[in-house]
Each structure stands twice: as structure tokens, then as C-alpha cells.
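J.: with the sequence up front, the predicted model follows.
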Amino acid sequence: MQQVLLKRVYRHFKGDYYLVEDIARHSETGEEMVVYRKLYGDGGLWVRPLSMFLQKVDREKYPDCPQKLRFELQEIQSVADHR
């Protein structure tokens, strides 16, 4: 299973970008949840089950989507050449 990296930017298959803040556990079920912040609008904080965050895009519903996964890690290079 793919790992979610904390404090990294992911692109949702519909095009928007999100910062993964942390992994939390549901208080009743113990299910792992991804806590992430949208990088647009009000910068709201969201949660989604880890299993759903890592899902492949539904090809029947979105046949023309170029992205394979619901959320994909983005490698963002520094424009000021910081490492």
C-alpha cells in the first residue's frame, strides 16, 4: 500500500491542491484518516479515510482523467533554488 507523506502537497484528480497535515484515527472505529488543508479559498481543513485518499480514480465514472490516483504527490521545486 502506498504511504502518505506528511507536510507534502497532493493534487486531487479534479485539479486542486492540498497539504497533508497529519494522519489521525477515528475515535470510534480506529480507522486511519488523512487530515489535509485545501490550498485555495479559505484554506479549510478536511479529513478523509486513508483508504479513500489512496484510491485509484474510478475509470468508469472519469474515463478521461489523466491522473491514476485520487490524490497524487506533487514534487514542487523551489523557484529560488532552495533545497
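T.: Good, I have the coordinates. Residues are numbered from 1 along each chain as shown.
J.: got a list of contacts for the longest strand anywhere in the chain?
T.: Among the elements of the chain assigned as strand by DSSP state E, the one spanning the most residues is strand 17-25. By C-beta atoms under 8 Å, 6 or more residues apart in numbering, the residues outside strand 17-25 that reach it are 4-12, 31-40, 45-47, 50, 71, 74. Where you see a C-beta, it was placed from the backbone N, CA and C, and this is true even at glycine.
J.: please repeat the previous calculation with a cut-off of 6 Å.
T.: By C-beta atoms under 6 Å, 6 or more residues apart in numbering, the list of residues contacting strand 17-25 from outside reads 4, 6, 8-11, 32-33, 35-39.
J.: pLDDT averaged over it, what's the number?
T.: Mean pLDDT, taken over the full extent of strand 17-25, equals 98.
J.: again with stretch 57-71
T.: The average pLDDT for stretch 57-71 rounds to 91.
J.: got the contact list for it?
T.: Contact with stretch 57-71 is made by 10, 12, 13, 53, 55, 56, as judged by C-beta under 6 Å, 6+ apart.
J.: so of these, which ones are in strands?
T.: In strands, defined here by DSSP E, the members of those are 10, 12.
J.: what's the closest of the contacts of stretch 57-71 to residue 26?
T.: residue 53 (13.6 Å; C-beta to C-beta).
J.: please name the nearest non-neighbouring residue to that closest one.
T.: Once flanking residues are discounted, residue 53 sits nearest to residue 34: 4.4 Å by C-beta to C-beta, 6 or more residues apart in numbering.
J.: return the backbone torsion pair for that neighbour.
T.: Backbone torsions for residue 34, taken as degrees, to the nearest 10, come to phi -90, psi 130.
J.: so how many other residues sit close to it?
T.: Other residues within reach of residue 34 by the criterion other C-beta atoms under 10 Å amount to 23.
J.: re earlier: closest to residue 79 among the contacts of stretch 57-71?
T.: For the contacts of stretch 57-71, the closest approach to residue 79 (C-beta to C-beta) belongs to residue 10, at 20.0 Å.
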